[in-house]
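Peer 1: Return atomic coordinates for the entry below.
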Amino acid sequence: MGYHMVMARREVLVQLDDDLVDHLDQLAKTLGTNRSELLRRGAQAVIDAEDTFSADRDLVAAYRRQPTEPALVRSAARLAARTAPEW
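Peer 2: Here you go, the predicted model:
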């Protein structure tokens, strides 16, 4: 996405140890941003990772409920072997 929507923000108190704050500040300086932005990115990364993990968990559960038909797997493997690019 090439733009950022400005959303209402709420100030949240978070306690961090001095070493972590120092590392965040150094990284923020290197990246040309600020500590708050790094923490927002980190929070979003945790949420995104959990969403991905949840989707993977749901997919595994679906396959356990309805296993893939062996003939379909063999057919897909043959098709992949014929259509895969040669590296």
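
Peer 1: Could you use CA atoms for every contact and neighbour count after this?
Peer 2: OK.

Peer 1: pLDDT below threshold where in this structure?
Peer 2: 1-4, 67, 84 (pLDDT under 70).

Peer 1: longest single helix anywhere in it?
Peer 2: When the chain is parsed with DSSP state H, its longest helix is helix 35-65.

Peer 1: following it, which helix or strand shows up next?
Peer 2: Counting by DSSP states H and E, the next helix or strand C-terminal to helix 35-65 is helix 70-83.

Peer 1: buried sites along the longest helix of the chain?
Peer 2: 35, 38 (16 or more other CA atoms under 10 Å).

Peer 1: Could you tell me how far it lies from the centre of the chain?
Peer 2: Relative to its parent chain, helix 35-65 has a centroid offset of 5 Å by CA atoms, centre = their mean, to the nearest Å.

Peer 1: I'd like to know which elements that helix is packed against.
Peer 2: Helix 35-65 is packed against helix 18-31, with contacts defined by 3 or more CA pairs under 8 Å, 6 or more residues apart in numbering; DSSP states H and E.

Peer 1: contacting residues around the helix it packs on?
Peer 2: Helix 18-31 is contacted from outside by 34-35, 38, using CA atoms under 8 Å, 6 or more residues apart in numbering.
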